[in-house]
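K.L.:
Structure here, sequence nowhere to be found:
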């Protein structure tokens, strides 16, 4: 089940008139710079200590605030005390479990944001369940105040998501396994009490062949699968403990339990030559 949720910052003219311009990372008012690519204002300290560590920051265009003008409409637009989340549409992917559930006729959307209770974030209406790959449009928006004076914790939480060491990688909600018929999430606990691990698809050029193999495995049961930044495969679809280096299985209807690997040399014990030499393991072979 794929949905599209768009979050955008906005502010009223009254907010812009009453609020001093502040660094988007530390909320200091002594701003000196603006990153054109990120569309944020920065103090000198955060420019060097935080922004420089962001992905591809070395290619970003940084301008002095004096060159922009503190009273420019562009600068005021960045200084936002309101976040608006818009749920535009929902698409059910081919193979989604809800498509085959005859007892479900209507669908609504719920999401996680800033620790707010789930029932407060649901769309206030439901729509008829669509066919696979056909969108249903909600176009529902909800605004959240993240001003410095009364919502400081929420503001700092959002600012922390921009940091390069954010443990959630900028994600505000739970993550899901993209394998059809698997309902594991980042909150799932296995039978032995350990948490399920969700693995990203390899993205580096050196591991592009592994990425292609992962996609092929998913395509075996989910045609036309397209990987994106949020795509994950849970650890229960891998054999052995070395899930970050191996290939997922061919995906049974339910996640399989991890199995203990055999001794590395056991596979080659019958291939010892006259000099008792053992052939090396094929490092490209999946565990």
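P.N.:
Right, received. Where do you want to start? Everything quoted here is computed from the prediction, not taken from an experiment. Numbers count the residues shown, from 1 in each chain.
K.L.:
how about the strands in the protein?
P.N.:
2-10, 33-35, 40-42, 62-64, 82-91, 106-107, 127-128, 136-145, 198-200, 232-234 (DSSP state E).
K.L.:
Could you save the ones you listed as a markdown table and add columns showing mean neighbour count?
P.N.:
Bear in mind the C-beta positions are built from the backbone N, C-alpha and C, glycine included. Output for those, formatted as a markdown table (neighbours: other C-beta atoms under 10 Å):
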| stretch | mean neighbour count |
| --- | --- |
| strand 2-10 | 14 |
| strand 33-35 | 21 |
| strand 40-42 | 22 |
| strand 62-64 | 12 |
| strand 82-91 | 17 |
| strand 106-107 | 14 |
| strand 127-128 | 12 |
| strand 136-145 | 14 |
| strand 198-200 | 18 |
| strand 232-234 | 24 |
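K.L.:
Looking at these, which is nearest to residue 178?
P.N.:
strand 232-234 (6.1 Å; C-beta to C-beta).
K.L.:
by contact count, what packs against that closest one?
P.N.:
strand 198-200 (3 or more C-beta pairs under 8 Å, 6 or more residues apart in numbering; DSSP states H and E).
K.L.:
do that again at 10 Å, thanks
P.N.:
Identification of packing neighbours for strand 232-234 by 3 or more C-beta pairs under 10 Å, 6 or more residues apart in numbering; DSSP states H and E yields strand 198-200, helix 208-219.
K.L.:
ranking those by burial, who's on top?
P.N.:
Comparing those by mean neighbour count (mean count of other C-beta atoms under 10 Å), strand 198-200 comes out on top with a mean of 18.
K.L.:
sorry, back to before: turn the strands of the chain into TSV, columns for mean pLDDT and distance to residue 120.
P.N.:
Shown next, in TSV, are those (pLDDT from 0 to 100; distance: least, C-beta to C-beta, whole Å):
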stretch	mean pLDDT	distance to residue 120
strand 2-10	43	15
strand 33-35	83	33
strand 40-42	78	28
strand 62-64	85	39
strand 82-91	84	12
strand 106-107	90	19
strand 127-128	90	20
strand 136-145	84	9
strand 198-200	84	26
strand 232-234	85	27
